[in-house]
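In: take a look and give me a structure for this.
(2 chains)
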Protein chains: 2
Amino acid sequence: MGKVAADISMSLDGYVAGPDPTLEEPLGRNGERLHEWVIELASWRASHGLEGGEENASSDLIAEGLASTGAVVMGRRMFSGGAGSWEDDPKAYGWWGDDPPFRKPVFVVTHHEREPLVLGETTFTFVGGVEPAVEQATAAAGAKDVLVAGGASVAQQAVRAGLLDEMQLNLVPVLLGGGTRLLDNLASDIELERMFVLDSPSVTHIRYRVARHGR
Amino acid sequence: MGKVAADISMSLDGYVAGPDPTLEEPLGRNGERLHEWVIELASWRASHGLEGGEENASSDLIAEGLASTGAVVMGRRMFSGGAGSWEDDPKAYGWWGDDPPFRKPVFVVTHHEREPLVLGETTFTFVGGVEPAVEQATAAAGAKDVLVAGGASVAQQAVRAGLLDEMQLNLVPVLLGGGTRLLDNLASDIELERMFVLDSPSVTHIRYRVARHGR
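Out: Numbers count the residues shown, from 1 in each chain, chains lettered A, B, ... in the order given. Model prediction:
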């Protein structure tokens, strides 16, 4: 069995999405700046069918993550993004297009049940809570890892429920001044142990082992 | 003329002091955990008249900072700490004892004027705002640097007023869950450029160059 890990980009003031999200800017004002670093990377671009890009330590880290991940857990808003909710449009399948870049089982945490959705090489399965989503993802991943991809709410829920073995923060040197914070309202009984730091001008990756007191 | 730099320890959830500060725990609940890493270091201990301690990259960084700093700016609460305010006790000179470890000019930002205070080899000068405090510290430091040592309010004010050239965050892998955040309510027109990252198991130092749009 692999590990369960979150991997999320955070501003220096702790936000994983900016303020005032809209259909045009689902990550909120300036929220896209959190992901500029990854869009430049060769390994990320290749997984999205794009050519070129930078080869550096961050690119290697992304490539390793892609190779070791056997299943993905995400929240409903990360799934449907700017496309609104599917209660209004049952055919809506979010902003990932006809050929989502995951190409492995994705488990979407949602209170609104629906049948699994197959798009290209990716199957989205809809699960009523983060605990069963991680459980099903763990089974689907086999020996590989489960990636809790976001957003903030699902990542928070996974930490709080003690489901994460590791958390990788990609710390971006921007200040968003508002939005959704990853590490708010967490139980104080969580202990973090830094595993490694990997650094480039545009992002500082810090991976932590997550432990809880008394467990 | 040297640079003006802040150097401050921050929890992973962005706090530079914990919740519910008291006379016994002026840094708030668990706030002392932010400074455990520094108390272990040989260079910090030597500056406080203590023997022993660890020699590592963090220790070298502290030693370099001590050597390059010509004057210090701090807030009134950092000066008086758990000792209460000197309006009640004009003789109170805070928690730094008879021989404070600074041994260079210290400028304390306060609305309550008082005569300079000489304790051991350290002179504390009391100034009515962060801008004149940094100005006087810059003059006193000569070719050396000005260190904005904290607390959160003075560091925030210095960033907002565009006084900082650099900011070093010492990111500690703890979650305080509440308290005083360093990077809240900052103008969004601040740009940060990462200069370097230095890493140990107990703390990740990230130094940023601070710039503002349109300046």
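In: need the next SSE after whichever strand or helix holds A:I8, C-terminal direction.
Out: Assigned by DSSP states H and E, A:I8 belongs to strand A:4-11. Per DSSP H and E, the first helix or strand lying C-terminal to strand A:4-11 is strand A:15-17.
In: using PDB, write out every CA atom in the next helix or strand after that next one.
Out: Under the assignment DSSP H and E, the closest C-terminal helix or strand after strand A:15-17 is helix A:36-39. Output of helix A:36-39 as PDB, limited to C-alpha atoms (Å, rounded to 0.1, in the frame of the first residue of the first chain):
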ATOM      1  CA  GLU A  36       2.400  29.800 -12.900                       C
ATOM      2  CA  TRP A  37       5.500  27.900 -11.700                       C
ATOM      3  CA  VAL A  38       4.000  24.500 -12.700                       C
ATOM      4  CA  ILE A  39       2.700  25.500 -16.100                       C
END
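In: buried set for helix A:36-39?
Out: Within helix A:36-39, the residues that count as buried by 16 or more other C-beta atoms under 10 Å in any protein chain shown are A:W37, A:V38. Quick note: C-beta positions are derived from backbone N, CA and C, even for glycine.
In: spell out which parts of chain A neighbour chain B.
Out: Those residues of chain A that sit near chain B, judged by C-beta under 8 Å from any C-beta of the partner chain, are A:12-14, A:30, A:169, A:171, A:173-177, A:181, A:183-188, A:190-194, A:197, A:199, A:201-202, A:204, A:206, A:208.
In: low-confidence regions, chain A specifically.
Out: Residue ranges of chain A with pLDDT under 70: A:81-94, A:187-188, A:213-215.
In: center of it, which residue is that?
Out: Centroid-nearest residue in chain A, with C-alpha atoms, centre = their mean: A:A149, separated by 1.6 Å.
In: the helix or strand in which that residue is found pairs with which strands, parallel or anti?
Out: Using DSSP H and E, the element containing A:A149 is strand A:145-150. Counting by DSSP bridges, the strands paired with strand A:145-150 are strand A:4-11 (parallel), strand A:69-75 (parallel).
In: who touches the shortest one?
Out: This points to strand A:69-75. By C-beta atoms under 8 Å, 6 or more residues apart in numbering or on different chains, the residues outside strand A:69-75 that reach it are A:2, A:102, A:104-110, A:130, A:133-134, A:136-138, A:140-151, A:153-154, A:158.
In: put the alpha carbons of stretch A:171-189 into CSV.
Out: Provided in CSV are the C-alpha atoms of stretch A:171-189 (Å, rounded to 0.1, in the frame of the first residue of the first chain):
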residue,chain,number,x,y,z
LEU,A,171,5.3,27.9,-1.4
VAL,A,172,5.0,30.6,-4.0
PRO,A,173,6.4,34.0,-3.2
VAL,A,174,3.2,36.0,-3.7
LEU,A,175,0.8,37.6,-1.2
LEU,A,176,-2.9,37.1,-2.1
GLY,A,177,-4.2,39.1,0.8
GLY,A,178,-7.4,37.0,1.0
GLY,A,179,-9.1,33.9,-0.2
THR,A,180,-9.1,30.3,1.1
ARG,A,181,-6.4,29.3,3.6
LEU,A,182,-5.2,25.7,3.7
LEU,A,183,-4.0,25.5,7.3
ASP,A,184,-6.8,27.3,9.1
ASN,A,185,-9.0,25.6,11.7
LEU,A,186,-6.9,22.6,11.9
ALA,A,187,-6.7,20.6,15.2
SER,A,188,-3.7,21.7,17.2
ASP,A,189,-2.8,18.0,17.7
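In: quick check: buried residues in that stretch?
Out: Neighbour-count burial for stretch A:171-189 [16+ other C-beta under 10 Å]: A:171-183, A:186.
In: got the residues you listed as a markdown table, with secondary structure columns?
Out: Converted to a markdown table, these look like this (DSSP: H, G, I helix; E, B strand; the rest coil):
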| residue | secondary structure |
| --- | --- |
| A:L171 | strand |
| A:V172 | strand |
| A:P173 | coil |
| A:V174 | coil |
| A:L175 | coil |
| A:L176 | coil |
| A:G177 | coil |
| A:G178 | coil |
| A:G179 | coil |
| A:T180 | strand |
| A:R181 | strand |
| A:L182 | coil |
| A:L183 | coil |
| A:L186 | coil |
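In: show me the two of the residues you listed that sit farthest apart.
Out: Maximum pairwise distance in those, criterion C-beta to C-beta, is 23.3 Å, between A:P173 and A:L186.
In: that older thread, closest one to B:E40 among the strands paired with strand A:145-150?
Out: Of all these, strand A:4-11 sits nearest to B:E40, with 27.3 Å by C-beta to C-beta.
In: how about residues contacting that closest one?
Out: Contact with strand A:4-11 is made by A:16, A:33-35, A:37-38, A:65, A:134, A:137-138, A:145-150, A:152, A:155, A:158-159, A:163-172, A:174-176, A:182, A:203, as judged by C-beta under 8 Å, 6+ apart.
In: for PyMOL, write the selection for the buried entries among those residues.
Out: Per 16+ other C-beta under 10 Å, the buried members of the contacts of strand A:4-11 correspond to this PyMOL selection:
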select buried, chain A and resi 16+33+34+37+38+65+134+137+138+145+146+147+148+149+150+152+155+158+159+163+164+166+167+168+169+170+171+172+174+175+176+182+203
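In: count the residues that sit near A:T123.
Out: Using other C-beta atoms under 10 Å in any protein chain shown, A:T123 has 17 neighbouring residues.
In: likewise the one 5 residues further on?
Out: When neighbours are defined as other C-beta under 10 Å, A:G128 has 12 of them.
In: what about the nearest residue to it once chain neighbours are set aside, distance to chain B?
Out: Counting by C-beta to C-beta, 6 or more residues apart in numbering or on different chains, the nearest residue to A:G128 once its immediate chain neighbours are dropped is A:H111, at 6.3 Å. Noted for A:H111: a distance of 27 Å to chain B, by C-beta to the nearest C-beta, to the nearest Å.
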